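S.K.: Take a look and give me a structure for this.
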Amino acid sequence: MFLNTSNNTLYMGDLQPGDRIATAEEIAAWELARKPTYQQLRAAEYNLKSTGEQFAMMYDDQVNGTTTWVDWQDGIKAAIPKPPIAT
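M.R.: Numbers count the residues shown, from 1 in each chain. Take a look at the predicted model:
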């Protein structure tokens, strides 16, 4: 990974004149800035099914005595747990 010294951005590819190899600290900061937040990850999972599809799941669960929607929600919550609250 290289650092473009003219605009201070990291990139992968061929080293350009005037640029240098990025330090481990620069790469770590870049990766941290690109990491999606908890809210973004959860929203992406919830948005895989439209609101209408989710309501249909809930209705079918009520009619059929199943827990499809709750199981789906539990799967998301298990895969993307809530981060601990900072004190």
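S.K.: how about the lengthiest helix in the chain as CSV, C-alpha atoms only?
M.R.: Identified as the longest helix of the chain according to DSSP state H is helix 51-64. Taking C-alpha atoms only, helix 51-64 is exported to CSV below (Å, rounded to 0.1, in the frame of the first residue of the first chain):
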residue,chain,number,x,y,z
THR,A,51,-40.9,-3.8,4.9
GLY,A,52,-43.7,-5.6,3.0
GLU,A,53,-41.8,-8.9,3.0
GLN,A,54,-41.2,-8.5,6.8
PHE,A,55,-44.9,-7.8,7.4
ALA,A,56,-45.9,-10.8,5.4
MET,A,57,-43.5,-12.9,7.4
MET,A,58,-45.1,-11.6,10.7
TYR,A,59,-48.6,-12.2,9.3
ASP,A,60,-47.7,-15.8,8.2
ASP,A,61,-46.2,-16.4,11.6
GLN,A,62,-49.4,-15.3,13.4
VAL,A,63,-51.6,-17.4,11.1
ASN,A,64,-49.4,-20.5,11.1
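S.K.: same for it, what does it pack against?
M.R.: The helices and strands touching helix 51-64, judged by 3 or more CB pairs under 8 Å, 6 or more residues apart in numbering; DSSP states H and E, are helix 68-79. Just so you know, the C-beta spots here come from the backbone N, C-alpha and C atoms, and that holds for glycine as well.
S.K.: for the helix it packs on, what is the average pLDDT?
M.R.: Helix 68-79 shows a mean pLDDT of 94.
S.K.: Can you point out the buried residues in that helix?
M.R.: Buried residues in helix 68-79, counting neighbours by 16 or more other CB atoms under 10 Å, are found at 69, 72.
S.K.: Now do it and helix 51-64, the angle between them.
M.R.: Angle, helix 68-79 to helix 51-64, by axes from the mean of the first three to the mean of the last three CA atoms, to 10 degrees: 120 degrees.
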